[in-house]
Every structure is written in structure tokens, then in C-alpha cells.
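Colleague: Turn this into a structure:
(chains A and B)
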Amino acid sequence: MNTQSVLLCRYGELFLKSGNRKRFQSMLVSNVQAAVAGVPDARVEAPHGRILVRVGDAHAEEAAERVARVFGLVSLSLARVVAADETAIGDAAVEVARAAIARLPRRPSDGPVSFRIDANRADKSFPVRSMDLGSRIGARVVAALGLPVDLHTADLHIGVEVTTRGAFVYAGTRAAPGGLPVGVSGRGLLLLSGGIDSPVAGWLAAKRGLALDAIYFHSPPFIGEKAKDKVLTLGRILARWGALRTVTVVPFTDAQKQLRDAGAGELAVVVYRRMMMRIADEIADKIGATALVTGENLGQVASQTVENMTAIEAACRRIILRPLVTYDKVETTDLARRIGTFETSILPFEDCCSLFVPSHPATRARIQDAVKVESSLDVSAIVAAAVAGAERIAVTP
Amino acid sequence: MIYLDNAASTRPAPEVLAATRAVEDAFFANPSSAHGLGAAAARALEAARGEVAAALGAEAGEIVFTGGGTEANALGLLGAARAARGRHVVVGGLEHPAVARTAERLAAEGYTLTTVAPGRDGVVRAADVLAATRADTAVVALMLVNNELGTIQPVDEVARGLLAAFPEAKRRPHLHVDAVQAFGFLRVRPRALGADTLALSGHKIHGPKGVGALWVRAGARMEPLWDGGRQERGLRSGTENVAGGVGLGRAAALAVAAQDAGVAATIERERDRLERACLDAIPGARLTVTGAPRAPHIASLAFPGFPAEPLLHALEARDVYASAGSACASKTRGPSAVLKAIGVDDRTAVLRFSLARTTGPGDVDAAVDALRGAVAEIAEISPPTRIS
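Modeller: Have a look, this model is predicted:
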């Protein structure tokens, strides 16, 4: 039997943003729509400031998994839809409770599962008031399953919502990532490498509403095709979160060679990154991105100092967002695991060409020193050549 | 394309492709089925078993088809260990992960594991292996040819030593031999070698991927890794991969024919020419190991101060395909256990060029030219770091 389910999507922070609320809500609705696109029979409804996803039972779990990755939602519940009728609601509550108990990881010594009913009557034409409905449905569950009621520390929360669109009955909620709907903060360009940090930085920026494209600097022939594939795989994982649209692959070998020939020496890391920022600026112009996002972190490697970051960002026109700047490595790694990028990030392909990196990079670069190295070069020609060789690749989940 | 990565995988022989295609088409029935179609499939598989056995100078009944070399090694090592009373396992220090990590599994199950350190010449000493055995040693596992270095391990000497040290057959440790890199290049005679089980792989000898074989000495005590329809003498349940088996049989027969025609000597000559030319052309280059007997098809060259992966990709840009290894190429790349074990320092690139009977004389010249160019290109960008 293919009965109907509904995903009840909850959002938190949006309510605070009174001025932008409408825009945020409509962005969130369209992001939820994009997330369930491709799930057969899934239909998004947005009645009275809430978001419902109607979906057949067969695809309900798949839809729930996808919606649980939509930024801006704080939680969701997978509910059964029944007629707004006390008997039907009672039957559904018993069934939902039984299924939920089977999923609870419990030992015999844990004792019986306690529960409570959270009833809410949005449809005021329904004859039973919320409080009374809760206790009456609770009694049905007690009679059918013999479970103890516990209003304060229940193992199982059974939700009942009576609306004009039918009654929704569900057990528990699952967490969604929170944050703001992707797109409400504009568009950013993420400097994506194959490492652990940059995908996490992108995820965090997207979580605050920034829609992203990415740029990846490729150094053939010294870096293999697998390194590029790895970056594209990371891009696809970010696309699963609705965070990323395209990856632009920029050939960087010539730029590196010219900078090396210019005698970058220990300033190499800083001048390479200044060149990357200039190229990123140009790509961002084309894409319509207003900010750059990097995985830079204060002190993680010797060259990541405040002085160097200052010298690097002096080369570009846009703001550089560095979501991870104060993170400990272990915090970043934990997040990478949660996002799903960690296993890919640790694949053993060199991501950034270690060939060009000096063994003792400068830690306190001054802008004027970097400018001096660059003075013998035709910087705009280097940037133009890299941009001309760029290849933009769409990424889908 | 100059393909010199044959120790990783070989191009399937046209005869193998033709044979497997024909089998997929004609003998699709289950060899265990009672009808004539099943019998035809079973006959095709048994004929292939005969070909593999003949290539080893063995009996068809001693061949168990597996899903590849790794599985053959797992069955040989785990199957023998679990059937034995003893709870001690000895493995060589240069084993492929198929053996080394499988042995670690046994250690996790409660076995005691002794790993015998190799010499800097890339060979494990037979005396050290024998000294590591105990009264409760269940299995000794040693590879015949190391896959990264090409060095030949003293399996026969270990086998003779085990015979002498454990005169009573039922107290003697099981000797498992990983012959994946040896088969097709050396004459492999498992019985004469003194092995109890010996593992082979199809795709290293111009056969199909996903098929291998374990030679099991008649009378060896073995347990299967899983149960089911009890095909392959009960040691490998699962409907047989008839096309794969036939492909392996063809590949084994072709390998023997090529050996009879003296292909090993030709490959060795080309390999030596490649090594000499590289050493002449590239200052600082050296052979990764010297002094030990080696299989004919693997050249392992060390380039002190060079990064391995960029060197490999610079070769690829010149249409030359090889493999890289280094003790520790970067933070992200896991160290090669073999190179670490023989003491290669972490700033030395090691490239492996592996030849096959499909390698032509022009390939070696082209590879040397490409290597010269790749090394120059990288040295220009980043002069090799001095290693004292």
C-alpha cells in the first residue's frame, strides 16, 4: 500500500529576520524543492508560513534524508497523514509508536519505553481541544502497547497535528543543519583544494546563506587527473548540501613557473596565493560572486600568519571570508566527517603542487616585498592566460 | 603510449578476450546445474583448471579458482591458520597488503604475529624466518617475488628449513606463498618449491581482472572463508566465474608458451637496458636495491631529492605510464611499507617500471628519453634537495 507521508519542516532563525522574512522563506521553499527534485511524487507545499513535503511512503525516507541537508531548517519530522478523525489519529499513533520502538536502540535492562503525546490543533474546527486530544490519544497508545506515560523525560515523543489538510502523526524529530537558506546572503567563490579544510569552509559559508561556485587551481602535468577528480568529488558532496553549483578548473602551472623564475624564493607561498586571488577575482566577476571563501586558518601551517593573510588579501578586490580561521584542526576534521567530505579529502593524491613550495616559507611577508617580486612580471597577462584556460564544470549531487 | 606498469595490471591478451567473450556467450549456464548446458559450462571450467594446473606442473584437483589474487592470498593464509591448532603466524616483512593486512586480521582475532624484517637488499633472510617459527606456528607466509622491488624471496630455502626443523608433517607450519608477481616470469612449481598453498592472479599475466587461483597441496588442512554451495572442493562457495576461469586458463597457457620461447630472458635484457640507460642519463639516480636475485620484469629506480608523484605525472605528460612509490611523499600519501622497511629515506622518489612480453624495444628508449625530460623539467622548477 502506498500511503501518503509528509515531511514537516521547521525553521528557526528565519522568524527573527522580520524585514527579510518573506524573501528568506521563499528562498527556503525553493531550496527544499531543489533538494527533493528527482524524488518521485514529492511535492512541496508552503501553507501559512510552514513547509510541508508530501511524498509517497516508498520514497519518504529518501526525501527526508535530502531535506535534512537543507540549510535554514532546524528539524523535520516524517509524519503519517490520516483523516482528521480521532479514531484514525489513534490508530496512526499506535502504529507510529510501535515502529519507533522497534528502531530505538535499547537493552532489556533499560526497561519499557516511556512516551508522551504532543498534540496541537491548528484547525480550530476540530471538536477536541489540544490538551484533551493528547490525553485521549495517549490512552489509546497505553491500551494498545502498554507503554508508560512520562511527560518530563519521555523516551519517545509522539506528535499529533490536526490541520485543515488532515492530521499528521509522527514520532520524534530529526535534526537539520540550521543556518540560513542558501542564496539569501548572495554568491561566493570558494577556493577549493583537495584538502580537508576548504570543503568545510565552503559548507560553513553556505550555512550562512552564501550560494557558492568553486575554483580549483590545477598544475598539470605535475598533478595527476585523480587529484582533479577528487576535487570534483568534493564538489559533488557540497552540492548534496545545496551549497555548490560549479567548479572552475584553472591551469596554474605557467603562473607557478613564472613566479618561480621571478625569484619568489621564500615568498613563494604568498605570491602564489596573491596570484590565485587575482585569478579568483576575475572568475568571480564572470560568475557574479561578491566574496571569496577560503579554508585558511590562523597558524595551521607556518605560512598562515596574519601578516601573510594581509599581504595575500591586498592583491584582490573582494572580501575574503575565512570561516575556519579560528578553528582547531580537530574541530575542522569533526565537521568534515559530518559533512561527508573527510573520506575523500584524505585520499592520497597531492592537491597543491609541493614542488613549488619552498621548504622554509616566509612567515611575515610584507606587501611591498611581494609587490617587488611581482614587479618584473606581466601580472595581468598571467591572470588573463589562466582565466582563458579555465574550464567551468557543473557539479550535481 | 608506453605502458610500463605491468606489475599493476597487464593488457589482456587478444586470445584471452576472445575466449572469455565466447564463454560468456555460450556457457552462461550454472556449472552446478544438472542439465547439459550446466555440464558444458562445467567442462569449460575444468578444462581451464587443467590449463592452470599444467602451468604449475600440478594436478587439476589442486587448483581452486578465486575472485583474484587478494582472495587467493586471504584463503591461503586465513584458511590454513583457522584450520590449524597453533595460534602463531610468521610473515615476511615485504608482503603485499593482501598478505600483510590479512595477517593483521589474524592478530586481531588473537593470533600472535611475527613479521620478519627484510635486509636493505629487499630480501627477507630464510634463517630469520625459520628462527621466528615456534612449536605453535600455524602458518608461514612469504612472497616469491616482491611487487615493488622485484626481489626474489628465499621460499625454497624456507621450505627446506621447515622440513628439517619440523620433521613430523602434522606439526609443520603451513607454508603459504604469494606468487602473484612471480607467475609468468619465473618457473613456478609449487610442489617442488615446498609450498602448501600458492596464490596467483589473472590480470598480472594478460588475463582478466577479478579472477585468481590458489594451488592447494593435496592433503593440506584448510578451512573455507565462507560457506554456501561448496563449489571448488568446498573451499570457495559461490557460482563459478566460468569466463574468468577460462580466461585465466588461457592466460596461464600463453604465459607458459611465452616462457618456453624464452621471453623472460628478453624482458630481463630490456629491463637491464632500461636501468643502465636511466642511471647513465640521470645524475644521482640509483637502483633501489642491489645484490639480490630479481625477477626479470621489474625495474625499481630511486631518485634522491625528487618528489615521486610529480615525477610520475611529468612522465605521464610524455605518454609514459609507470608507478611511483616513496617512503613518505607528502602528508597525504601513506608511506609505502616496503620502501620504509628497506630504509629508503622520505625525500627519495622511487619509480617502478614493470615490463611484460608486450613491451617492445622502442618502449625502453622512449621511456628513458621521457624520464630524462621529466627529471630536467622538475629539477628546473625545484632543484632536488640535498640529502646527506
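Colleague: what about the helices in chain A?
Modeller: Remark: helices assigned in chain A by DSSP state H are A:21-36, A:60-67, A:86-103, A:130-145, A:197-207, A:225-240, A:253-261, A:268-287, A:306-313, A:329-339, A:342-345, A:367-374, A:379-388.
Colleague: in the fourth one, what's buried?
Modeller: Within helix A:130-145, the residues that qualify as buried are A:130, A:133-134, A:137-138, A:140-141, counting by 16 or more other Cβ atoms under 10 Å in any protein chain shown. Any C-beta I mention is one placed from the backbone N, CA and C, and that applies to glycine too.
Colleague: just these: which has the poorest pLDDT?
Modeller: Of all these, A:Ser130 carries the smallest pLDDT score, 86.
Colleague: surely that residue meets A:Arg121?
Modeller: Yes: counting by Cβ atoms under 8 Å, A:Ser130 touches A:Arg121, with 4.6 Å between them.
Colleague: Could you dump the helices of chain A into a markdown table with distance to B:Arg49 added?
Modeller: What follows is these, written out as a markdown table (distance: least, Cβ to Cβ, whole Å):
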| stretch | distance to B:Arg49 |
| --- | --- |
| helix A:21-36 | 53 |
| helix A:60-67 | 46 |
| helix A:86-103 | 49 |
| helix A:130-145 | 59 |
| helix A:197-207 | 50 |
| helix A:225-240 | 38 |
| helix A:253-261 | 52 |
| helix A:268-287 | 59 |
| helix A:306-313 | 65 |
| helix A:329-339 | 47 |
| helix A:342-345 | 40 |
| helix A:367-374 | 68 |
| helix A:379-388 | 58 |
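Colleague: quick one: contacts of the helix or strand where B:Ala213 lies?
Modeller: In the assignment (DSSP states H and E), B:Ala213 maps to strand B:212-216. Contacting residues not belonging to strand B:212-216 are listed as B:52-53, B:56, B:58, B:62-72, B:75-76, B:180, B:190, B:195-202, B:222, B:233, B:235, B:248 [Cβ atoms under 8 Å, 6 or more residues apart in numbering or on different chains].
Colleague: For that strand, list the C-alpha coordinates in CSV.
Modeller: What follows is strand B:212-216, C-alpha atoms only, in CSV (Å, rounded to 0.1, in the frame of the first residue of the first chain):
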residue,chain,number,x,y,z
GLY,B,212,42.8,-15.7,-9.5
ALA,B,213,43.7,-19.2,-8.3
LEU,B,214,45.0,-20.9,-5.2
TRP,B,215,47.0,-24.0,-5.6
VAL,B,216,46.3,-26.2,-2.6
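Colleague: Given it, what are its sheet partners and their directions?
Modeller: strand B:63-66 (antiparallel), strand B:197-201 (antiparallel) (DSSP bridges).
Colleague: any idea which helix or strand comes after the shortest one?
Modeller: Right, the one you point to is strand B:63-66. Next along the chain from strand B:63-66, counting by DSSP H and E, comes helix B:69-83.
Colleague: Run through who's touching that next one.
Modeller: Contacts with helix B:69-83, where a contact means Cβ under 8 Å, 6+ apart, come from B:64, B:66, B:89, B:96, B:98-99, B:102-103, B:105-106, B:111, B:138-139, B:141, B:174, B:176-178, B:180, B:196-201, B:204, B:212-214, B:216, B:220-225, B:235-236.
Colleague: What's the PyMOL line that selects buried ones from those residues?
Modeller: To isolate the buried members of these in PyMOL, using 16+ other Cβ under 10 Å:
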select buried, chain B and resi 64+66+89+96+98+99+102+103+106+111+138+139+141+174+176+177+178+180+196+197+198+199+200+201+204+212+213+214+216+220+222+224+235+236
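Colleague: Okay, and which of the contacts of helix B:69-83 map to helices?
Modeller: Among these, the members found in helices (DSSP H) are B:98-99, B:102-103, B:105-106.
Colleague: okay, now A:Glu331: neighbour count?
Modeller: 12 (other Cβ atoms under 10 Å in any protein chain shown).
Colleague: Tell me who's in contact with it.
Modeller: No contacts exist for A:Glu331 under Cβ under 8 Å, 6+ apart.
Colleague: That one and chain B, how far apart?
Modeller: Computed as Cβ to the nearest Cβ, to the nearest Å, the A:Glu331 to chain B distance reads 19 Å.
Colleague: Which one of the residues in chain B is closest to chain A?
Modeller: Of all residues in chain B, B:Ala317 sits closest to chain A, at 3.2 Å by Cβ to the nearest Cβ.
Colleague: which residue packs closest to that residue, ignoring adjacent ones?
Modeller: Spatial nearest neighbour of B:Ala317, excluding adjacent residues (Cβ to Cβ, 6 or more residues apart in numbering or on different chains): A:Pro221 at 3.2 Å.
Colleague: tell me, how many neighbours does the residue of the stretch 101-250 of chain A found nearest chain B end up with?
Modeller: Closest to chain B within the stretch 101-250 of chain A is A:Pro221: 3.2 Å, counting by Cβ to the nearest Cβ. Residues lying near A:Pro221 (other Cβ under 10 Å) number 17.
Colleague: is it true that it touches B:Glu316?
Modeller: Yes: counting by Cβ under 8 Å, A:Pro221 touches B:Glu316, with 6.3 Å between them.
Colleague: before we move on, back to that, for the residue of chain B closest to chain A, list the residues it contacts.
Modeller: By Cβ under 8 Å, 6+ apart, the residues touching B:Ala317 are A:220-221, B:374.
Colleague: Redo the strands paired with strand B:212-216 as CSV? Include mean pLDDT and distance to B:Leu287.
Modeller: Below are the strands paired with strand B:212-216 laid out as CSV (pLDDT from 0 to 100; distance: least, Cβ to Cβ, whole Å):
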stretch, mean pLDDT, distance to B:Leu287
strand B:63-66, 98, 34
strand B:197-201, 98, 26
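Colleague: Next, format those as JSON lines and append distance to B:Leu37.
Modeller: As requested, those are arranged in JSON lines below (distance: least, Cβ to Cβ, whole Å):
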{"stretch": "strand B:63-66", "distance to B:Leu37": "20"}
{"stretch": "strand B:197-201", "distance to B:Leu37": "28"}
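Colleague: Give me the neighbour count for the closest residue to B:Val364 other than its chain neighbours.
Modeller: What sits nearest to B:Val364 in space, not counting adjacent residues and going by Cβ to Cβ, 6+ apart, is B:Leu274, at 4.6 Å. For B:Leu274, the neighbour count with other Cβ under 10 Å is 22.
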